[in-house]
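Participant: got a structure for you, letters missing:
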């Protein structure tokens, strides 16, 4: 399955939408682009595999694999990129500002409901990240 994250870049945060086959699943927030610097930049544009991951902090969520010069990039709940993210992606219900949104946990559950069955069926899951045009 292929997901797409279409972004708009701002100096204080990155906003976007995650979609499948042109249909929006949810909005997303990230840190601003800072040349892929560890813990302070959003993920570089590109196509990446996603896998299921569990942690005591976030429960079940996603890990973005094969990000150049980075590791442990996650898709997990957060409503304020500058305060709660270290280079990860957070699905949100509504964008409320640059790198800010609301009801992130709800949207992570929605995203998992769509994508986890694909992974559990043995299929691959990818996300392509690019600038919105």
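Facilitator: Thanks, I have it. Since we're looking at a predicted model, the values are computed, not measured.
Participant: for residue 97, which residues are in contact?
Facilitator: Taking C-beta atoms under 8 Å, 6 or more residues apart in numbering, we find residue 97 in contact with residue 13. C-beta coordinates here come from the backbone N, C-alpha and C atoms, glycine included.
Participant: centroid-nearest residue for this structure?
Facilitator: Geometric centre of the chain, nearest residue: residue 89, 3.1 Å, by C-alpha atoms, centre = their mean.
Participant: could you measure from the residue nearest to that one when sequence neighbours are not counted over to residue 118?
Facilitator: Spatial nearest neighbour of residue 89, chain neighbours left out: residue 75 (4.7 Å); criterion: C-beta to C-beta, 6 or more residues apart in numbering. Distance, residue 75 to residue 118, by C-beta to C-beta, to the nearest Å: 14 Å.
Participant: the two: who's more crowded?
Facilitator: Higher neighbour count among residue 75 and residue 118: residue 75, with 26 against 14, using other C-beta atoms under 10 Å.
Participant: I'd say the more buried one and residue 52 touch.
Facilitator: No. Residue 75 lies out of contact with residue 52 (C-beta atoms under 8 Å); the separation is 10.6 Å.
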